[in-house]
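> okay, sequence plus prediction incoming.
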Amino acid sequence: MDMFENIRADLAAHKGDWGAQGFWAMVIYRFGRWRYTLRNRWLRMPFSLLYKIAFKWVQIMAGIELPCEVNVGRRFRIDHFGGIVVSGFASFGDDCVIRNGVTVGLRRTDEPAAPKIGNHVDIGAGAKVLGPITIGDHVTIGANAVVIDDVPDHAIAVGIPARIILRNPDDATKSVPPAAR
């Protein structure tokens, strides 16, 4: 997918709301990724400067830190701006949702490894997902949960530290809108 196709998909994920601060963060993120496609260093430099300014603007205005080094799938949605920090080492699959106060990052600064998050993952407000862990597909992470261990497909993670509740895979896919399956 090219940058504009991804931005159209991100806008649809944000229900067409151009004013959504999560959508602003996604536009800057997609632009930051796009600039790496420019092979000529001198051509890329002004776009890199523009990206760094726009990234800082979104960080200040929306409270969202989503560096372009993160691998993000399609239709990524950021609900409720503010206090969102994602490590550049993290990765997300398609159709993921994160909310305010979420941190996805390193468990220890001397270990530069962050979570690898699957498809159709819904991360509740205030959750912390930390360290070199894997979050499966169709997972729900509860509000304020602290996840420091792997979470299998079709599970729910709740509590501090998070405990894993397995659920029926049929129930998990019913909660996902048909367009996102």
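Perfect, I can see it now. Numbers count the residues shown, from 1 in each chain.
> most remote residue from this protein's center?
residue 42 (30.2 Å; C-alpha atoms, centre = their mean).
> what's residue 85 sitting at in phi/psi?
The phi/psi pair for residue 85 (degrees, to the nearest 10) reads phi -130, psi 120.
> surely it touches residue 103?
Yes: between residue 85 and residue 103 there is a contact under C-beta atoms under 8 Å: 4.8 Å. C-beta coordinates here come from the backbone N, C-alpha and C atoms, glycine included.
> what comes up buried for the top helix by length along the chain?
Longest helix in the chain by number of residues (criterion: DSSP state H): helix 41-62. Neighbour counts over helix 41-62 (16 or more other C-beta atoms under 10 Å) mark 51, 54-55, 58-59, 62 as buried.
> and the average pLDDT for that helix is what?
Mean pLDDT, helix 41-62: 94.
> can you list the weak-confidence ranges in the protein?
1, 169-181 (pLDDT under 70).
> out of the buried residues of helix 41-62, who's nearest residue 139?
Of all the buried residues of helix 41-62, residue 139 sits closest to residue 62, with 25.2 Å by C-beta to C-beta.
> residue contacts, the closest one?
Neighbour list for residue 62: 21-22, 24-25, 81-82 [criterion: C-beta atoms under 8 Å, 6 or more residues apart in numbering].
> likewise for residue 81?
Contact partners of residue 81, counting by C-beta under 8 Å, 6+ apart, are 21-22, 62-64, 100.
> where's it, which helix or strand?
Assigned by DSSP states H and E, residue 81 falls within no helix or strand.
> burial count for the nearest residue to it once chain neighbours are set aside?
Spatial nearest neighbour of residue 81, excluding adjacent residues (C-beta to C-beta, 6 or more residues apart in numbering): residue 21 at 3.8 Å. Applying other C-beta atoms under 10 Å, we find 19 residues neighbouring residue 21.
> what's the spacing between residue 21 and residue 97?
Going from residue 21 to residue 97 by C-beta to C-beta, to the nearest Å gives 14 Å.
> again, but for residue 25
13 Å.
> between those two, which is the more surrounded one?
It is residue 25, of residue 25 and residue 97, that has more neighbours when counted by other C-beta under 10 Å, with 26 against 20.
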